[in-house]
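Engineer: sequence unavailable; structure follows:
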C-alpha cells in the first residue's frame, strides 16, 4: 500500500478482482526499510504485517513512560508503540542528535511512532500512527478502526477519519468520504451505518463528502492536510466571532 496500512476490505476487493494474493509487510526509512513481512509460504494472516525478519527484534511497548522514563513491554493483544531493533536500523539522523534521541534508545531500539499489537503466533498488526490518535472526551479512538468500518460500506470508495477540535470534547471524530461513481449517500446514512459496527464514542459525529482526497506524489492519503484545513476553519470562525 506504499506508506499506510492496507484496509482489509480494499485487499479483499483486489484479490477478488485480480485472482491474485497480496502479502503485506512493514518498514520505514529508518530501518532501511523492511522489518516485517507475511510469509510467502505458510500461515498468512489478512490485516497483519506478518512476522519480524530473522535478524529483527520487535516488541510492543507502552505509549507513555513509567516514573523512570522507560517504556515497558506489553503482552499479547495489547496495543502500544512498535519498537524494532536490528542490523538494518539506522545509527541516527545526520547532524540531528536531538531528533535521534527521540526515536533511538541506548539499547538500539527504534521507536517507530506506529501503534501496533502482536497476537499469540507472533504476528504483528499496525493499528495506526501514534500522532493520529483521536482523544475525544477522554477516549482514545484509532482512526483506522473507524475507516475499516466505513470501507465495509459498498458505496464508499475512499475514507479518511481525523480528530477535529471540539470545545467540549477536546476532539471529535470526522469522516471525509469519496463515494463510488454513481452512488449517493447522506451524512445520517453513514453515521447509522457506523453505529451498527462501532462503539458509540467511535462513531463519526461529522461526515463530509468530497470528490477527491488530498494525496502525496506516491498516492498516500494526507491525513494531516485535512486536520490543518479543519484548524484553519475553526480559527476563521473564532476570528469572525471576535469582530
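Structural biologist: Alright, I've got the coordinates. Source: prediction; values computed, not measured.
Engineer: break this protein into its domains for me.
Structural biologist: The record's domain split for the chain, according to automatic domain parsing, is 8-128, 133-242.
Engineer: got a markdown table for those, with mean pLDDT and mean neighbour count too?
Structural biologist: All C-beta atoms are positioned from the backbone trio N, CA, C, and that covers glycine. Formatted as a markdown table, those follow (pLDDT from 0 to 100; neighbours: other C-beta atoms under 10 Å):
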| stretch | mean pLDDT | mean neighbour count |
| --- | --- | --- |
| domain 8-128 | 94 | 15 |
| domain 133-242 | 93 | 15 |
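Engineer: what's the longest helix anywhere in the chain packed up against?
Structural biologist: Longest helix in the chain by number of residues, with DSSP state H as the criterion: helix 223-242. On a contact count with 3 or more C-beta pairs under 8 Å, 6 or more residues apart in numbering; DSSP states H and E, helix 223-242 meets strand 156-166.
Engineer: I'd like the next helix or strand past the strand it packs on.
Structural biologist: Downstream of strand 156-166, the next assigned helix or strand under DSSP states H and E is strand 170-179.
Engineer: what about stretch 130-144, start to end distance?
Structural biologist: Using C-alpha to C-alpha, to the nearest Å, the end-to-end distance of stretch 130-144 comes to 11 Å.
Engineer: ok now it, how far from the chain's centre?
Structural biologist: Stretch 130-144 sits 10 Å away from the centroid of its parent chain (C-alpha atoms, centre = their mean, to the nearest Å).
Engineer: next: stretch 217-234.
Structural biologist: Per C-alpha atoms, centre = their mean, the centroid offset for stretch 217-234 relative to its chain is 14 Å.
Engineer: need the contact partners of that stretch.
Structural biologist: Contact with stretch 217-234 is made by 2-4, 132, 143, 158, 160, 162-165, 174, 176, 213-216, as judged by C-beta atoms under 8 Å, 6 or more residues apart in numbering.
Engineer: try it again with 10 Å
Structural biologist: Here stretch 217-234 makes contact (C-beta atoms under 10 Å, 6 or more residues apart in numbering) with 1-4, 128-129, 131-132, 143, 147, 158-167, 171-172, 174, 176, 206, 208, 210, 213-216.
Engineer: sorry, back to before: and the longest helix of the chain with strand 170-179, angle?
Structural biologist: Relative orientation of helix 223-242 versus strand 170-179 (axes from the mean of the first three to the mean of the last three C-alpha atoms, to 10 degrees): 120 degrees.
Engineer: what angle separates helix 223-242 from strand 156-166?
Structural biologist: Using the same axes, to 10 degrees: helix 223-242 against strand 156-166 is 40 degrees.
Engineer: gap between helix 223-242 and the chain center?
Structural biologist: On the basis of C-alpha atoms, centre = their mean, helix 223-242 is displaced by 23 Å from the centre of the chain it belongs to.
Engineer: please apply the same query to stretch 190-198.
Structural biologist: Centre-to-centre, stretch 190-198 and its host chain are 20 Å apart (C-alpha atoms, centre = their mean).
Engineer: what of stretch 45-64?
Structural biologist: That offset, for stretch 45-64, works out to 15 Å (C-alpha atoms, centre = their mean).
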